[in-house]
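*Asks:* Structure for the following, please:
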Amino acid sequence: MEKKRVAIQGIKASFHEEAALKFFGDDIETIECNSFKETCEVLKNKKADFVVMAIENSIAGSLLPNYTLLRDYQFCIIGEVYLHIQLNLLALPGVRFDQIKKVESHPIAIRQCDDFFNEYPHLNVVESTDTAACAKKIRDGQLTDTAAIANKLAAQLYGLEIMERRIETNKKNYTRFLILSDNKDLVIENANKASLSFQVSDEVGSLSKVLTVFAENGVNLSKIQSMPVLGKRNQYNFYVDIEWLNHKNYEEAIRKVLRHTVNFTILGEYLKNETV
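*Replies:* Next comes the predicted model:
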């Protein structure tokens, strides 16, 4: 049986690969990509079976450009996974802390370690595109004056030591990842969550009518995100996540919501991730 090919933004041992391993298990082939758009192109061109894409972080908020990619590529969301983001300071084995002059990582990871850097203001902080790539750079260049902020997976893969554990300021830091497929016929058994996108008319109470339909049919709205419609003043695409216990309630809510929306799209029906 062939391994599932999973496209990720970043390289092996990045948080995206960690999320992929959590969702699919260890028996996967990771397709490394330089950008989220590249992951979508790889999936579109059948060079991958799935994409793992971060969509929101409990501290940094929503990744708005990725909502645009969801709209443009129209892939199907077939699952989600939450990852507890734990950030560690990594360096070559044997390197002492007083040797470190520079720390490299992704800008979001850096911002999530403000308290640590306030404690050590002498460290030169350098932004990079990927947490794991910083770890690999230290290994490849045998850099004794540089540390990286990354996960334990990166330390293991690139042979680095964890110099300081859990340096993130907020210990309850989670990122939600979506699992995307280009297979529109893939049906998820017992789905209890869906992601939708739609527009409403520019009239008083138009969005409220949609939200009321969900409430009246026992469907829980777990997230709502708005994005301006390009070139159209005062018009927005709304992206919502909804959850239900009774599938018939969901179906009835969708039928009623269609009367109050335009450009309505079900981006995916899938199983709510219960483990974090």
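*Asks:* residue nearest the centroid of this structure?
*Replies:* A54 (1.1 Å; CA atoms, centre = their mean).
*Asks:* what is the rounded mean pLDDT of the one helix or strand it maps to?
*Replies:* Using DSSP states H and E, A54 maps to strand 50-57. Regarding strand 50-57, the rounded mean pLDDT is 96.
*Asks:* Tell me the strands beside the very next helix or strand once past that strand, with direction?
*Replies:* Counting by DSSP H and E, the element after strand 50-57 in chain order, helix or strand, is strand 61-62. Sheet pairing for strand 61-62, assigned by DSSP bridges, gives strand 50-57 (antiparallel).
*Asks:* For the partner strand, which outside residues touch it?
*Replies:* Strand 50-57 is contacted from outside by 4-9, 15-17, 19-20, 23-24, 36, 39-40, 42-43, 62-63, 66-67, 69, 75, 78, 81, 85, 108, 173-181, 223, using CB atoms under 8 Å, 6 or more residues apart in numbering. Backbone N, C-alpha and C define where each C-beta goes, glycine included.
*Asks:* got the CA coordinates for that strand in PDB?
*Replies:* Coordinates of the C-alpha atoms in strand 50-57 are reproduced here as PDB (Å, rounded to 0.1, in the frame of the first residue of the first chain):
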ATOM      1  CA  PHE A  50      -3.600  15.900   1.100                       C
ATOM      2  CA  VAL A  51      -2.500  19.400   2.400                       C
ATOM      3  CA  VAL A  52      -2.100  20.200   6.100                       C
ATOM      4  CA  MET A  53      -2.800  23.900   6.500                       C
ATOM      5  CA  ALA A  54      -2.700  26.100   9.600                       C
ATOM      6  CA  ILE A  55      -5.800  28.200   9.900                       C
ATOM      7  CA  GLU A  56      -5.700  29.800  13.300                       C
ATOM      8  CA  ASN A  57      -3.600  30.100  16.500                       C
END
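*Asks:* any idea how far that strand is from the chain center?
*Replies:* 3 Å (CA atoms, centre = their mean, to the nearest Å).
*Asks:* repeat for stretch 140-155
*Replies:* For stretch 140-155 - counting by CA atoms, centre = their mean - the centre lies 23 Å from the chain centre.
*Asks:* Check stretch 43-59 too.
*Replies:* 8 Å.
*Asks:* re the thing from before, would you mark the buried spots in the strand holding A54?
*Replies:* Buried residues in strand 50-57, defined by neighbour count with 16 or more other CB atoms under 10 Å: F50, V51, V52, M53, A54, I55, E56, N57.
*Asks:* for those, which one is nearest T129?
*Replies:* Checking the buried residues of strand 50-57 against T129 by CB to CB gives A54 as the nearest, at 13.6 Å.
*Asks:* Dig out what the closest one forms beta bridges with.
*Replies:* Going by DSSP bridges, A54 forms beta bridges with F177.
*Asks:* Give me the distance between it and V125.
*Replies:* 22 Å (CB to CB, to the nearest Å).
*Asks:* same check, this time on F24
*Replies:* 34 Å.
*Asks:* ok, the two, which is more surrounded?
*Replies:* Using other CB atoms under 10 Å as the criterion, F24 and V125 rank with F24 on top: 18 against 15.
*Asks:* Excluding chain neighbours, what is closest to the more buried one?
*Replies:* Distance criterion CB to CB, 6 or more residues apart in numbering; nearest residue to F24, sequence neighbours excluded, is K4 at 5.7 Å.
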